[in-house]
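Chemist: Provided below for reference: sequence and predicted model.
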Amino acid sequence: MRIRQHSGFCLAFAIAAIFTLALYFHTARIQSGVNKDHNKSDQSAYIDSAIAAYETSFHDTGDRVRMPMFQWLMALFYSPELTEADFFELGKVINTYLSGLILCLLGAMFVRRFSLLYAVYATLSIAFLTFAIKAPWFQTEILLYGIFAAAFIRAVDVLRIPTVWRHGLEVGALLALAHFTKAVGLLFLLSYLAALFVQWLASFALSGKRGSAAVKQIGWRLLCHAVAFFLAFVVVLSPYLAESYQRFGMPFYNASNTFYVWYDSWQDAKHGTKAAGDREHYPDLPPEQIPSLSKYLREHTLADILDRFSTGTRRMSERACLDTRYRYEYGFCSQVGLGLLAMMILAPWIALRTPTRELAAAAGLITFVVLVHLSNSLANVWYFYIVSSGPRGILVLLVPLFWTLGLLLHSQVGYALRLRLFSFQVRLYAAVMAMLSITLIYEIYQTVTHRAYVMWGGK
């Protein structure tokens, strides 16, 4: 009897999964009809880079604004018989199917780690509130979101017991692939190394014996782990880094991260290092005209910096969440807002009810999760101040956010936590999932029936 029930459940789940996947591809096809012009939203630049990669047998590594991974992938499907318009349409289809593959892999990761209810919720949120809108575009973001999520999830798993050096190699290699897709790896790298250092401090504090052999052994293991992680990251990227150093004098040279972020407007950037050829060589400008962190701090006050953060945050929120005409408004905003609210409630409760020793043991993991989300959020709102295009940069944090929420909801304290409503008691997990699920159904309906027809998902 149990076997029959189990088989029936598996069959029903498979049918629901197939139907959902069909609805996802249908939604992406609708959005594809909105994306008709390959000259918009920097798609033509990606197309030109992919063709250049094909024609140079993958020796062309791009202009140091866009990293080459996505273009190299698309070059595998290019042939000289294709017109630019044909290649554009083919690229949209390939990216859509790639998004479906990434979603299946992410869904499997969520199912393996969390309850089936939460795994289904998170996968549907990622699929319909972001991927379905961004998939039919000739852009790198879908590939980036998938690889960055894999690096984050693996890092979270490893940081629970970061003592095996080969695990550092795995995280470093995944991060290198994410960075080769888009230049987002350095903040992650610094966050991870900081987490390992905090992990060592925590082990030192927990030991109670400053010179104990156990603490020294843990320290050496963490050091080997950090070295393996950093070496894997650098070695995987070494050909690209060496070329960057040869052409631009800096291994991690990237025009956006090196120069543009320190301008006050995009017009300043266009007439500054961009006009001086920063995509072909190091800009031919006097040193005092080269933007940098030190130069920015000399010329701006603390009030200017705070205003930039607040203005960037407001502009990004307006573009991503408050455009009621659906041209840019994403459905993820309600889920992110409710998820953050749930985390703000859960995190203090979990911290208060977790023994100090267990909390200290998880210090590295907590440090990493907080730093990754905080540093990337601040970097994106900082850059949004001058570009004001769309939230595609900060969307790299969507999967990590759902993973973090899942960890809190499924922790021993969080899963058992109950709320009292008048004379009733309800598990916080059930209340949060009910709230998230109801609002998700509404957002998916809006995406399938309205957003997919009118949104400009390339921004």
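Modeler: Okay, I see it.
Chemist: And the helix or strand hosting residue 429, what's buried?
Modeler: Assigned by DSSP states H and E, residue 429 belongs to helix 428-446. Using 16 or more other CB atoms under 10 Å as the test for burial, helix 428-446 gives 428, 429, 432, 433, 436, 439, 440, 443, 444, 446. From N, CA and C alone the C-beta is placed, and that goes for glycine too.
Chemist: can I assume the last one is in contact with residue 331?
Modeler: Meaning residue 446. Yes - in this structure, residue 446 is within contact of residue 331 by CB atoms under 8 Å, at 5.9 Å.
Chemist: pull the CA atoms of stretch 234-250 into PDB?
Modeler: The C-alpha trace of stretch 234-250 is given here as PDB (Å, rounded to 0.1, in the frame of the first residue of the first chain):
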ATOM      1  CA  VAL A 234      43.900  32.300  -9.700                       C
ATOM      2  CA  VAL A 235      45.100  29.200 -11.700                       C
ATOM      3  CA  VAL A 236      41.700  28.700 -13.500                       C
ATOM      4  CA  LEU A 237      41.800  32.400 -14.500                       C
ATOM      5  CA  SER A 238      45.600  32.600 -15.000                       C
ATOM      6  CA  PRO A 239      45.600  32.800 -18.900                       C
ATOM      7  CA  TYR A 240      43.100  35.700 -18.700                       C
ATOM      8  CA  LEU A 241      44.800  37.400 -15.900                       C
ATOM      9  CA  ALA A 242      48.200  37.200 -17.600                       C
ATOM     10  CA  GLU A 243      46.800  38.700 -20.800                       C
ATOM     11  CA  SER A 244      45.100  41.500 -18.800                       C
ATOM     12  CA  TYR A 245      48.400  42.200 -17.100                       C
ATOM     13  CA  GLN A 246      50.200  42.300 -20.400                       C
ATOM     14  CA  ARG A 247      47.700  44.600 -22.100                       C
ATOM     15  CA  PHE A 248      46.600  46.800 -19.300                       C
ATOM     16  CA  GLY A 249      49.200  46.400 -16.600                       C
ATOM     17  CA  MET A 250      46.700  44.900 -14.000                       C
END
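Chemist: you'd agree residue 94 is up against residue 74?
Modeler: Yes - look at residue 94 against residue 74 with CB under 8 Å: they come within range, at 6.8 Å.
Chemist: neighbour-wise, which of the two wins?
Modeler: Comparing residue 94 with residue 74 by other CB atoms under 10 Å, the one with more neighbours is residue 74, at 25 against 16.
Chemist: Tell me who's in contact with residue 261.
Modeler: Residues in contact with residue 261 (CB atoms under 8 Å, 6 or more residues apart in numbering) are 379, 382, 383, 386.
Chemist: nearest spatial neighbour of the residue nearest the centre of the chain, skipping sequence neighbours?
Modeler: Nearest residue to the geometric centre of the chain (CA atoms, centre = their mean): residue 396, 2.1 Å. Leaving aside its sequence neighbours, residue 396 sits nearest to residue 148 (CB to CB, 6 or more residues apart in numbering; 5.1 Å).
Chemist: What is the neighbour count of the one you found?
Modeler: Residues near residue 148, counting by other CB under 10 Å: 28.
Chemist: which stretches of the stretch 151-300 of the chain have low pLDDT?
Modeler: Within the stretch 151-300 of the chain, the set of residues satisfying pLDDT under 70 comprises 162-163, 208-212, 214.
Chemist: Now with 80, please.
Modeler: The model of the stretch 151-300 of the chain has pLDDT under 80 over residues 161-166, 203-219.
Chemist: where exactly do the helices run in it?
Modeler: 165-181, 185-207, 213-248, 255-258, 266-269, 293-299 (DSSP state H, counting those that start in this stretch).
Chemist: Pick the most buried one from the ones you listed.
Modeler: Mean neighbours per residue, mean count of other CB atoms under 10 Å, is largest over the helices of the stretch 151-300 of the chain for helix 165-181, with a mean of 22.
Chemist: What distance do you get for residue 349 to residue 363?
Modeler: Distance of residue 349 to residue 363, computed by CB to CB, to the nearest Å: 18 Å.
Chemist: Neighbour count: these two, which is higher?
Modeler: Taking neighbours as other CB under 10 Å, residue 349 and residue 363 compare with residue 363 leading, 19 against 15.
Chemist: from what I can see the more buried one touches residue 200, true?
Modeler: No - if you go by CB under 8 Å, residue 363 and residue 200 don't touch, sitting 9.8 Å apart.
Chemist: anything in contact with each of the two?
Modeler: What both residue 363 and residue 200 touch, as defined by CB under 8 Å, 6+ apart, is an empty set.
Chemist: sorry, back to before: which residues sit in contact with the residue nearest to the centre of the chain?
Modeler: 141, 144, 145, 148, 182, 184, 376.
Chemist: contacting residues around residue 31?
Modeler: Applying CB under 8 Å, 6+ apart, the residues contacting residue 31 are 132, 133, 135, 136, 452, 455, 457.
Chemist: Rebuild those residues as CSV, extending it with distance to residue 293, secondary structure and pLDDT.
Modeler: Formatted as CSV, the contacts of residue 31 follow (distance: CB to CB, whole Å; DSSP: H, G, I helix; E, B strand; the rest coil; pLDDT from 0 to 100):
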residue, distance to residue 293, secondary structure, pLDDT
132, 38, helix, 95
133, 34, helix, 93
135, 36, coil, 94
136, 38, coil, 95
452, 41, helix, 91
455, 35, coil, 87
457, 33, coil, 85
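Chemist: Residue 40: which of those residues is nearest?
Modeler: Residue 40 lies nearest to residue 457 out of the contacts of residue 31, by CB to CB, at 11.2 Å.
Chemist: Leaving out the residues flanking it, which one is nearest to the closest one?
Modeler: residue 133 (3.8 Å).
Chemist: The one you found is in contact with residue 452, isn't it?
Modeler: Yes - using CB under 8 Å, residue 133 and residue 452 qualify as a contacting pair, with a distance of 6.8 Å.
Chemist: intersection of neighbour lists for the two?
Modeler: By CB under 8 Å, 6+ apart, the residues touching both residue 133 and residue 452 are 28, 31.
Chemist: for the strand or helix carrying residue 399, packing partners?
Modeler: Assigning secondary structure by DSSP H and E places residue 399 in helix 398-409. Counting contacts by 3 or more CB pairs under 8 Å, 6 or more residues apart in numbering; DSSP states H and E, helix 398-409 packs against helix 84-113, helix 116-126, helix 141-159, helix 332-353, helix 363-387, helix 428-446.
Chemist: what's the average pLDDT for it?
Modeler: For helix 398-409, the mean pLDDT works out to 95.
Chemist: Can you give me the buried ones in it?
Modeler: Result for helix 398-409 [16+ other CB under 10 Å]: buried residues 398, 399, 400, 401, 402, 403, 404, 405, 406, 407, 408, 409.
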